[in-house]
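Asks: Return a 3D structure for these sequence lines:
(chains A and B)
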Protein chains: 2
Amino acid sequence: MRLRADLVPQDNLSYQDVVLVVDVIRATTTATAFLEAGAERLYLTASLESARAFRDADVVLAGEEGGLKPPGFDYGNSPREAKEAPVGGKVVVMSTTNGTRTAHLAARSAKHVLLASLYNAHAAARLAHQLATEEVAILCAGKEGRIGLDDVYTAGVLAEFLQIMGSYELEDGALTALTTRRTYPDPLEPLHLSAAAQALRQVGLEADVPFCAQIAVSPAVGVLEGRVGEALIFKRAQRPINGSQSQIPTI
Amino acid sequence: MRLRADLVPQDNLSYQDVVLVVDVIRATTTATAFLEAGAERLYLTASLESARAFRDADVVLAGEEGGLKPPGFDYGNSPREAKEAPVGGKVVVMSTTNGTRTAHLAARSAKHVLLASLYNAHAAARLAHQLATEEVAILCAGKEGRIGLDDVYTAGVLAEFLQIMGSYELEDGALTALTTRRTYPDPLEPLHLSAAAQALRQVGLEADVPFCAQIAVSPAVGVLEGRVGEALIFKRAQRPINGSQSQIPTI
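Replies: As a prediction, this is how the structure comes out:
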């Protein structure tokens, strides 16, 4: 099985099999937190306008623009807020600058698209490992076209879990991500150093960083199940029927 | 001063100041070797066709397609061959799959474009440091749109030299490159692991890898001085007038 990490999204890349989309600060962490809070579905849109188009329906709008809650939205993009949000049984429509767009890029070609973060790293890696037949690709959202140290680090953590689960042939991106993971034993360090964390500090939301730095806490994994209009529909993956050898809870 | 590393070329990125173009296996190493061998100028073209357009003139054609010398070319893209080539006083026209195209991307916006490799890493870093007024950007060529571990490692070596020379504010790409450099004390390891080295093995040119892994051996640095037709003209940088504090020879 091949393990690939694309450390920045690129329009000309395509995916054949499983993609783990990573925007650890904060979109994929927040998406996982909404699923944990009981959201029935997540609709990920590539723009704020597409998200607003769902407003008439009985949905919750969440997302960010410049790191902050856009006008008319119910929630920003804070995982702390998402985890406590009363969204049980509801649809949450999310739009963010980097993460949701990257999910759309993956969805153009991949067979399976999963939302991965440090917070659900083990569950996401295991589901990817179960679904893959030829390749697991980790696609980092980065920040406005540039590489994000936070996402590269998360890719390294995912790669580490995947290597425990099976035999993978690593390409250059995955090797680079693994070296970053091994350089920083404490996830808070690379996350705090990242441009994404610096941007959060500028808008007073730095308390989201320690939340995003928690590793393998959540069993919830968003998995793409279809489309509605311009939105991608993600649903929480079901617990697999067959048991796992792992001591970490199954999804 | 800012230090930035873009680990894969992207059309939508632009550069304000100094760019170090890196394609360590093999274009920027080979370009440096041609300058060491006495080439008067290097013309870097973005395609084989553009290179062939210079054929009538009194020039030497060098480059690769699938790793091998293209039909009608005088040389391939081997730095071992380039260093021994009788190119004194001549123009060498080069075209390669990743490296020369990446130089063209940098040249669209940058003030200064330098050709950097492990082989000339110290000289290239010092020239970049001398020229920069706001930012040194390291632009890795990668391999067909994907990240190359060899180029990321080289970016880390360049970043390390730059940090010795002055105070730099590092962004996420430069931090990622530095962690890769620190993970592999021996440059042969990441170079051998890279997709670029694997491709060389498939065409029997793996002996180029140890050449490319030599660090800071050459004082020659190609610097962009203009254009002719569709080619970028690179010339060997002159020895600076003011002396250097460094014990490594000045360029």
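Asks: switch to C-alpha atoms for all contacts and neighbour counts from now on
Replies: Will do.
Asks: Now do the helices in chain A.
Replies: In chain A, the helices defined using DSSP state H lie at A:27-36, A:48-52, A:79-84, A:99-107, A:121-131, A:149-165, A:172-183, A:188-193, A:195-202, A:208-212.
Asks: mean confidence for the fourth one?
Replies: The average of the pLDDT scores along helix A:99-107 is 96.
Asks: now that helix against helix A:27-36, angle please.
Replies: 90 degrees (axes from the mean of the first three to the mean of the last three CA atoms, to 10 degrees).
Asks: Could you check helix A:99-107 against chain B for contacts?
Replies: No - judged by CA under 8 Å from any CA of the partner chain, helix A:99-107 stays clear of chain B, getting no closer than 15.3 Å.
Asks: elements contacting that helix?
Replies: If contacts are counted by 3 or more CA pairs under 8 Å, 6 or more residues apart in numbering or on different chains; DSSP states H and E, helix A:99-107 sits against strand A:18-22, helix A:27-36, strand A:112-116, strand A:135-140.
Asks: And the contacts of the third one?
Replies: By CA atoms under 8 Å, 6 or more residues apart in numbering or on different chains, the residues outside strand A:112-116 that reach it are A:17-24, A:28-29, A:31-32, A:103, A:106-107, A:124-125, A:128, A:131, A:221-224.
Asks: closest to A:Leu3 out of the helices of chain A?
Replies: helix A:172-183 (6.6 Å; CA to CA).
Asks: Is chain B within reach of that closest one?
Replies: Yes - against chain B, helix A:172-183 shows contacts by CA under 8 Å from any CA at A:172-173, A:175-176, A:179-180, A:183.
Asks: And the residue of chain A most remote from its centre, how close does it get to chain B?
Replies: Distance from the C-alpha centroid of chain A, by CA atoms, centre = their mean, peaks at A:Asp56 (26.7 Å). A:Asp56 sits 36 Å away from chain B when distances are taken as CA to the nearest CA, to the nearest Å.
Asks: And A:Ser50, by the same measure?
Replies: 24 Å.
Asks: contacting residues for that residue?
Replies: A:Ser50 makes contact with A:230-231 under the criterion CA under 8 Å, 6+ apart.
Asks: redo that, cut-off 10 Å
Replies: Contacts for A:Ser50 (CA atoms under 10 Å, 6 or more residues apart in numbering or on different chains) come out as A:44, A:93-95, A:229-231.
Asks: Kindly indicate which of the residues you listed lies nearest A:Glu144.
Replies: A:Ser95 (14.4 Å).
Asks: Would you mind measuring the gap between the ends of stretch A:186-195?
Replies: 18 Å (CA to CA, to the nearest Å).
Asks: how about it, does it reach chain B?
Replies: Yes - interface with chain B: stretch A:186-195 contributes A:190, A:193-195 (CA under 10 Å from any CA of the partner chain).
Asks: which stretches of chain A have low pLDDT?
Replies: By pLDDT under 70, the low-scoring segments of chain A are A:239-251.
Asks: how about 80 then?
Replies: For chain A, the stretches flagged by pLDDT under 80 are A:57, A:239-251.
Asks: that older thread, tell me which of the helices of chain A sits most buried.
Replies: Comparing the helices of chain A by mean neighbour count (mean count of other CA atoms under 10 Å in any protein chain shown), helix A:27-36 ranks first with a mean of 29.
Asks: I'd like the distance from it to the chain centre, please.
Replies: 8 Å (CA atoms, centre = their mean, to the nearest Å).
Asks: about what we covered before: would TSV of the residues of stretch A:186-195 next to chain B with distance to A:Ala85 be doable?
Replies: Shown next, in TSV, are those (distance: CA to CA, whole Å):
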residue	distance to A:Ala85
A:Pro190	28
A:Leu193	29
A:Ser194	27
A:Ala195	27
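Asks: can you tell which of the helices and strands packed on helix A:99-107 is closest to A:Ala216?
Replies: strand A:112-116 (10.3 Å).
Asks: what angle separates that closest one from helix A:121-131?
Replies: Going by the same axes, to 10 degrees, strand A:112-116 makes 170 degrees with helix A:121-131.
Asks: Next, the angle strand A:18-22 makes with strand A:112-116.
Replies: Inter-element angle recorded for strand A:112-116 and strand A:18-22: 30 degrees (by the same axes, to 10 degrees).
Asks: Can you list the strands that strand A:112-116 pairs with?
Replies: Strand A:112-116 has the following sheet partners, assigned by DSSP bridges: strand A:18-22 (parallel), strand A:222-228 (antiparallel).
Asks: centroid residue for chain A?
Replies: A:Thr28 (2.8 Å).
Asks: Please verify my assumption that it contacts A:Phe234.
Replies: No - A:Thr28 lies out of contact with A:Phe234 (CA atoms under 10 Å); the separation is 11.4 Å.
Asks: Can you work out which residues contact both of the two?
Replies: Contacts common to A:Thr28 and A:Phe234, judged by CA under 10 Å, 6+ apart, are A:114-115, A:221-222.
Asks: Next up, the contacts around the closest residue to A:Ala174 other than its chain neighbours.
Replies: Spatially, and ignoring its direct neighbours in sequence, A:Ala174 is nearest to A:Ala5 (4.7 Å; CA to CA, 6 or more residues apart in numbering or on different chains). By CA under 10 Å, 6+ apart, the contact set of A:Ala5 is A:19-20, A:136-140, A:152, A:155-156, A:158-159, A:170-178, B:146-147.
Asks: one more time with 6 Å, if that's ok
Replies: A:Ala5 makes contact with A:137-139, A:173-174 under the criterion CA atoms under 6 Å, 6 or more residues apart in numbering or on different chains.
Asks: how about the one residue in the stretch 151-251 of chain A that gets nearest to chain B, what does it touch?
Replies: Closest approach between the stretch 151-251 of chain A and chain B, counting by CA to the nearest CA: A:Asp172, at 4.8 Å. For A:Asp172, the contacting residues are B:148-149, B:194, by CA under 6 Å, 6+ apart.
Asks: ok, for it, nearest residue in space, not its chain neighbours?
Replies: Nearest non-adjacent residue to A:Asp172, counting by CA to CA, 6+ apart: B:Leu149, 4.8 Å away.
Asks: how close does that neighbour get to B:Glu65?
Replies: For B:Leu149 relative to B:Glu65 (CA to CA), the value is 21 Å.
Asks: just A:Gly63 next, same as before
Replies: Following CA to CA, the distance that separates A:Gly63 from B:Glu65 is 46 Å.
Asks: between these two, who's got more neighbours?
Replies: A:Gly63 (30 against 15; other CA atoms under 10 Å in any protein chain shown).
Asks: For A:Ala123, give its distance to A:Leu191.
Replies: Taking CA to CA, one finds A:Ala123 at 21 Å from A:Leu191.
Asks: Look up the closest residue to A:Val217, ignoring the ones flanking it.
Replies: Nearest non-adjacent residue to A:Val217 (CA to CA, 6+ apart): A:Tyr119, at 5.3 Å.
Asks: How about the contacts made by that neighbour?
Replies: Contacts of A:Tyr119 by CA under 6 Å, 6+ apart are A:214-218.
Asks: run the last query once more with 10 Å
Replies: A:24, A:28-30, A:32-33, A:154, A:211-221 are the contacts of A:Tyr119 under CA under 10 Å, 6+ apart.
Asks: What of A:Val22?
Replies: Going by CA under 10 Å, 6+ apart, the list of residues near A:Val22 reads A:7, A:28-29, A:98-100, A:102-103, A:114-118, A:121, A:138-142, A:150-152, A:154-155, A:158.
Asks: Run through the residues of the stretch 51-200 of chain A sitting next to chain B.
Replies: Going by CA under 10 Å from any CA, the residues of the stretch 51-200 of chain A near chain B are A:142-153, A:170-184, A:190, A:193-196.
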